[in-house]
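> predicted model and sequence follow; I will ask about them next.
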Amino acid sequence: MITNFFIPELNNHDVRELWFQQDGATCHTARATIDLLKDTFGDRLISRFGPVNWPPRSCDLTPLDYFLWGYVKSLVYEDKPQTLDHLEDNIRRVIADIRPQMLEKVIENWTSRLDYIRASRGSHMPEIIFKM
């Protein structure tokens with residue numbers, strides 16, 4: 001996927017300032033994968049075995065993990081799609097329907113999470129809940 005889709009798609013954009021972050025799953029951190037991503041992103045790669053280590057408690061700090069995937073999944077499967085086309089249509093519709101105001105709230109929450117982590121010097125975040 002990285003070689004056949006992701007990298008060619010990146011070639012259509014200015015990525016000199018773009019950072020790439022991925023989790024520490026084994027398939028994501030294979031030497032060939034990390035080398036390919038280092039060639040593309042240089043020091044702007046956040047990953048296990050990358051130039052910048054995957055941060056502790058990152059699922060609490062990554063809006064895709066603490067918000068987007070669950071939100072999208074709940075709406076995508078609401079009508080129990082039975083075909084791949086139906087599933088793909090639902091995914092496209094749900095993503096397209098996300099409003100800028102919702103993303104602003106996500107960023108506000110993300111900022112508060114970062115502030116909490118900074119102030120607590122990396123401790124757990126037991127009280128942080130996503131607020132809509």
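Arrived safely. Residues are numbered from 1 along each chain as shown.
> name the element the residue lying closest to Leu10 once chain neighbours are set aside belongs to?
Spatial nearest neighbour of Leu10, chain neighbours left out: Thr40 (6.8 Å); criterion: CB to CB, 6 or more residues apart in numbering. Any C-beta I mention is one placed from the backbone N, CA and C, and that applies to glycine too. For Thr40, the host element (DSSP states H and E) is helix 31-41.
> wouldn't Tyr46 be in contact with Thr62 here?
Just to correct that, residue 46 is Ile rather than Tyr. No: Ile46 lies out of contact with Thr62 (CB atoms under 8 Å); the separation is 10.2 Å.
> quick one: common contacting residues for those two?
Gln21 (CB atoms under 8 Å, 6 or more residues apart in numbering).
> report the buried residues of stretch 5-25.
Within stretch 5-25, the residues scored as buried using 16 or more other CB atoms under 10 Å are 20-22.
> so which of those residues are in helices?
Of the positions in these, not one sits in helices, assigned by DSSP state H.
> turn these into JSON lines, including pLDDT.
Below are the buried residues of stretch 5-25 laid out as JSON lines (pLDDT from 0 to 100):
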{"residue": "Phe20", "pLDDT": "84"}
{"residue": "Gln21", "pLDDT": "82"}
{"residue": "Gln22", "pLDDT": "80"}
